[in-house]
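Trainee: Give me a model of this one.
(one chain, ligands or ions: 1)
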Amino acid sequence: MKLIIINGPNLNLLGKREPEIYGSLTFDDYLQELKNSYPGVNFDYIQSNIEGELIDAIQKAGFDYDGIILNAAAYTHTSVGIGDAIKAIETPVIEVHISNTFSREEFRHHSYISPHVKGVILGFGLQSYKLAIESFL
Ligand code: CA2
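Mentor: From the prediction side, this is the model:
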């Protein structure tokens with residue numbers, strides 16, 4: 001099983017800022033936990049603050065992996081381009097969010113990603129990623 005986790009803008013700050021919303025673990029530490037918990041899964045990981053780089057990563061992963069776990073962060077609510085990229089690929093995508101976007105500001109209630117993905121998991125903290133992995137397994 002070959003999975004890629006793609007994280008969008010500002011998620012490089014996880015564990016360093018706003019722990020009350022996003023927790024106090026860095027993503028690198030969490031990824032190590034995932035690798036330890038799922039030795040049979042081959043994980044790749046990309047984080048970018050740049051929309052075009054996320055689109056490139058989705059296109060590249062789109063025919064080469066068993067699954068993509070995508071947290072497009074703020075681009076979730078703005079990016080037609082990321083939505084189009086997901087629509088154009090074969091690999092199934094699970095959209096994840098750490099926070100419950102529906103309990104936050106109105107602008108976070110809409111996703112340009114959701115119509116094109118296999119499923120959406122949100123609001124479980126970093127565990128949202130683990131639930132996405134379980135869904136692929
Ligand atoms: O809850 C999520 O996972 C989000 O995708 C996170 C995005 C936000 O724009 C989405 O509405 C929901 C924000 C990511 C920012 O990450 C930070 C992490 C630590 C400190 C500051 C920002």
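Trainee: From the ligand, how far out is the residue nearest to Leu126 when sequence neighbours are not counted?
Mentor: With sequence-adjacent residues excluded and distances taken as CB to CB, 6 or more residues apart in numbering, Leu126 is closest to Tyr30, at 5.1 Å. Every C-beta, even on glycine, is put in place using the N, C-alpha and C of the backbone. Distance from Tyr30 to the ligand, counting by CB to the nearest ligand atom, to the nearest Å: 12 Å.
Trainee: which element is Tyr30 on?
Mentor: Using DSSP states H and E, Tyr30 sits within helix 27-37.
Trainee: Against which helices or strands is the following helix or strand past that helix packed?
Mentor: Going down the chain from helix 27-37, the next helix or strand is strand 42-47, by DSSP H and E. For strand 42-47, the packing partners by 3 or more CB pairs under 8 Å, 6 or more residues apart in numbering; DSSP states H and E come out as strand 2-7, helix 27-37.
Trainee: list the helices and strands the helix or strand following strand 42-47 packs on?
Mentor: Proceeding N to C from strand 42-47, the next assigned helix or strand is helix 51-61, under DSSP H and E. Applying 3+ CB pairs under 8 Å, 6+ apart, we find helix 51-61 packed against strand 2-7, strand 67-71, helix 80-88.
Trainee: Quick check: neighbours of the next helix or strand after the last one in the sheet, parallel or antiparallel?
Mentor: Using DSSP H and E, the helix or strand that directly follows helix 80-88 along the chain is strand 93-97. According to DSSP bridges, strand 93-97 has the following sheet partners: strand 67-71 (parallel), strand 119-122 (parallel).
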